[in-house]
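Peer 1: requesting a structural model of the entry that follows:
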Amino acid sequence: MGLARIIWPVLAAMLFLTSPAFASEDTVLRFSVRGKPVVELSMAELRQKVPTTEITVWEPHEDKNVTYEGFDIGKLFSAVYGEQWKEIDEVLFTCVDGYQPVLPMDRFSRHLGTLAYRRLDQDVFNVQNRFEGQKDVPLGPFYLVWDNLHSDELRAQGANGWPYQVVGIDLVNFADRFPRLSPPKDASEKAKKGFLAFRENCMACHTINGEGGNKAPELNYPMSVTEYLSDAWIRKWLMDPRSVRYNATMPAFASHPDPDALMDDVLAYLKTMAQHKQKPE
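Peer 2: Numbering: from 1, shown residues only. Next up is the predicted model:
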């Protein structure tokens, strides 16, 4: 599993760079359960499983309404996994650049999500990412969008939980899938809250003991970030990364309702994990 996690994003990126910025008929989407492959489906096979649909959303990256074409992801899960998908804790998405967001399963049960492969207001399947100052960001082969026009909760979350360049979907039980990232059972309540916050806000890009996303630096091994940076510096970085590094792409904690409490919790988690280092596989 360790080698596959390293090799797959590289191969996917190579394939992506030689293909259109949208899901072509040759595009293959991988489905797994707890890391074990279930099936790989082409666009034609996906259409046989689930009819395509259109959805209009408030596009958080561009702050305007956009209509996409894609597959109702709840129906897609049922077609691929059967009803067992509702019994799994979370959904892990693998993206071209190594980004690995994990979303709780109840989000898919409570809200309408669509795995989009086409944008109907323009010929190119891309987005202008106002949060990171990036233009013409490719979304393909697949982009998970949500019906936030009918949910104040989703609207308030902005772009959180909207992974793009998706190439793989894995149903996971978190502790089984990421045992090296989880805090010990005797960790403080603050550290456990920080773990949840880290999962939601950080692990899609960062790793702890080698587990998490491959887009940003490892934070715990061989040295914890808390061992070579002061709390004050970490807080400044978390609150507003661009105040420290020009053109930083990491989202700022400043947009959260209570950023100080969030930073306290994440720091408690990081300091706890500094005492539980494991060499990445």
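Peer 1: any idea where the strands of the stretch 151-281 of the chain begin and end?
Peer 2: 166-172, 207-208, 211-212 (DSSP state E, counting those that start in this stretch).
Peer 1: partners of the first one in the sheet?
Peer 2: Translated: strand 166-172. strand 28-33 (parallel), strand 90-95 (antiparallel) (DSSP bridges).
Peer 1: wait, a strand at residue 58?
Peer 2: Yes - under DSSP: H, G, I helix; E, B strand; the rest coil, residue 58 sits within a strand.
Peer 1: just name the most buried of the strands of the stretch 151-281 of the chain.
Peer 2: Counting by mean count of other C-beta atoms under 10 Å, strand 207-208 has the highest mean neighbour count of those, with a mean of 27. Using the backbone N, CA and C atoms, a C-beta is placed for each residue, glycine as well.
Peer 1: shaky segments in the protein?
Peer 2: Residues of the chain meeting the criterion pLDDT under 70: 1-24.
Peer 1: OK, contacts around the most centrally placed residue in it?
Peer 2: Closest to where the C-alpha atoms of the chain average out (C-alpha atoms, centre = their mean) is residue 101, at 2.0 Å. Residues near residue 101 by C-beta atoms under 8 Å, 6 or more residues apart in numbering: 92-93, 95, 161, 163, 204, 213.
Peer 1: spatially, what comes nearest to it if we skip its sequence neighbours?
Peer 2: Excluding the flanking residues, the one nearest residue 101 by C-beta to C-beta, 6 or more residues apart in numbering is residue 204, at 4.0 Å.
Peer 1: thinking again about what came up before, so which of the strands paired with strand 166-172 is nearest residue 141?
Peer 2: Closest to residue 141 of those, according to C-beta to C-beta: strand 28-33, at 7.2 Å.
Peer 1: the closest one: what's the following helix or strand?
Peer 2: Using DSSP states H and E, the helix or strand that follows strand 28-33 towards the C-terminus is strand 36-42.
Peer 1: counting by contacts, list what that following strand packs against.
Peer 2: Here strand 36-42 touches strand 28-33, helix 73-81, going by 3 or more C-beta pairs under 8 Å, 6 or more residues apart in numbering; DSSP states H and E.
Peer 1: okay, how far is it across stretch 268-281, tip to tip?
Peer 2: This stretch, stretch 268-281, spans 25 Å end to end (C-alpha to C-alpha, to the nearest Å).
Peer 1: enumerate the positions of it that are buried.
Peer 2: 268-274, 280 (16 or more other C-beta atoms under 10 Å).
Peer 1: by neighbours, which of the contacts of residue 101 wins?
Peer 2: Highest neighbour count within those: residue 95, with 26 neighbours (other C-beta atoms under 10 Å).
Peer 1: show me the contacts for that residue.
Peer 2: Per C-beta under 8 Å, 6+ apart, neighbours of residue 95: 101, 163-167.
Peer 1: measure it to residue 39 for me?
Peer 2: 19 Å (C-beta to C-beta, to the nearest Å).
Peer 1: ditto for residue 73
Peer 2: Taking C-beta to C-beta, one finds residue 73 at 16 Å from residue 39.
Peer 1: mind listing what's buried in stretch 88-103?
Peer 2: 88, 90-103.
Peer 1: got the end-to-end distance for that stretch?
Peer 2: 11 Å.
Peer 1: now swap in stretch 202-212 and tell me
Peer 2: Start and end residues of stretch 202-212 are separated by 9 Å (C-alpha to C-alpha).
Peer 1: what lies in contact with it?
Peer 2: Here stretch 202-212 makes contact (C-beta under 8 Å, 6+ apart) with 2, 99-102, 163, 178-181, 198, 213-221, 250, 266, 273, 276-281.
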